[in-house]
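Asks: below is the sequence, then the predicted model.
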Amino acid sequence: ETGVTQSPTHLIKTRGQQVTLRCSSQSGHNTVSWYQQALGQGPQFIFQYYREEENGRGNFPPRFSGLQFPNYSSELNVNALELDDSALYLCASSLPPWYQETQYFGPGTRLLVL
Amino acid sequence: KQEVTQIPAALSVPEGENLVLNCSFTDSAIYNLQWFRQDPGKGLTSLLLIQSSQREQTSGRLNASLDKSSGRSTLYIAASQPGDSATYLCAVRGGSGNTGKLIFGQGTTLQVKP
C-alpha cells in the first residue's frame, strides 16, 4: 500500500502566474484535504474534497480552487500568484468517516513565488 | 473560533530525558485530537490520534493524553533520543462551526542533544 504522494516536490513561479499541484491519496481514502504551511507556522486548512465534491473551505480567496477525480486523486490550482503564496502545500487523505479517522499527509510541494 | 496553542515553542533536552509537550485548545466540542511530527522541510507524520471519548493513547515511547473539559492535551516522550529531534504539532478536529478541518498549533521544536 502506497502512502500519500504529491507532485512536484518543488516549484518556482513568478507573481501573476498560475500553478497546479497534484496529490494521490492513500488507497481506499475518499477524502482529501489541502493545507498551506508558511515558514514557522502550523498548516492552515484550504479546503476538503469528499467523493469529488468540495466539503468545507477555509479562509482562502476564490483564486484557490481544487478538483477531486473518480480515483480520489486531487489537484490544487492557484491563479494570479502572489508573493505571500510562497509556502509548503500539504495534501492529506483519510478513510471514511473523515471526521473520525487519522489524516495521513503527503511530503508536500514547496512553492516559491518571485 | 477554535484556537490551538502549543507551549513551549522550542525545547532542548539531553538524550535520555523524559519530556512533556503541551497543547491547549479553546473549544472543547472536538471530534478528536491528533499529534504529528514534522522533520525540517518535510510533510507531517501522524503519531497518535485521540478520539473525544478517549483519555489517552500510547505508541511505543509516546503517550498522549486528552482532557477535553479543560481543553488540554499532552504528549509524553520517554527516554528521548537524538532521532526524536523534530517539530511536534497538535491539531484538533471539530469545535463550533468547524466540521472537518484540522486546526493546528504552531508547533514545538524539539532538540535532543547526544
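Replies: Received, thanks. Numbers count the residues shown, from 1 in each chain, chains lettered A, B, ... in the order given.
Asks: any idea how far the residue nearest to residue A:80 when sequence neighbours are not counted lies from residue A:90?
Replies: Leaving aside its chain neighbours, residue A:80 sits nearest to residue A:63 (5.3 Å; criterion: CB to CB, 6 or more residues apart in numbering or on different chains). Backbone N, C-alpha and C define where each C-beta goes, glycine included. From residue A:63 across to residue A:90, the span is 19 Å (CB to CB, to the nearest Å).
Asks: of the two, who's got more company?
Replies: residue A:90 (27 against 13; other CB atoms under 10 Å in any protein chain shown).
Asks: and the pLDDT at that one?
Replies: Looking at residue A:90, its pLDDT reads 97.
Asks: for residue A:1, same thing?
Replies: pLDDT for residue A:1: 50.
Asks: quick check: buried residues in stretch A:38-55?
Replies: A:42-50, A:55 (16 or more other CB atoms under 10 Å in any protein chain shown).
Asks: could you pull out the strands for the chain?
Replies: No chain was given, so I picked chain A. Using DSSP state E, the strands found in chain A span residues A:5-7, A:10-13, A:19-24, A:31-37, A:44-50, A:53-57, A:64-68, A:74-78, A:87-94, A:104-105, A:109-113.
Asks: correction: the question concerned chain B.
Replies: Using DSSP E, strands in chain B cover B:4-7, B:10-14, B:19-25, B:30-38, B:44-51, B:56-59, B:62-67, B:72-77, B:86-94, B:102-104, B:108-113.
Asks: show me what contacts whichever residue of chain B sits closest to chain A?
Replies: Nearest residue of chain B to chain A, counting by CB to the nearest CB: residue B:104, 3.3 Å away. Counting by CB atoms under 8 Å, 6 or more residues apart in numbering or on different chains, residue B:104 makes contact with A:42-44, B:4, B:89-91.
Asks: for residue A:57, list each beta-bridge partner.
Replies: For residue A:57, the beta-bridge partners under DSSP bridges are residue A:47.
Asks: quick one: neighbours of it, just the number.
Replies: 14.
Asks: how far away is the closest residue to residue A:11 other than its chain neighbours from chain B?
Replies: Leaving aside its chain neighbours, residue A:11 sits nearest to residue A:111 (5.0 Å; criterion: CB to CB, 6+ apart). As judged by CB to the nearest CB, to the nearest Å, residue A:111 and chain B stand 13 Å apart.
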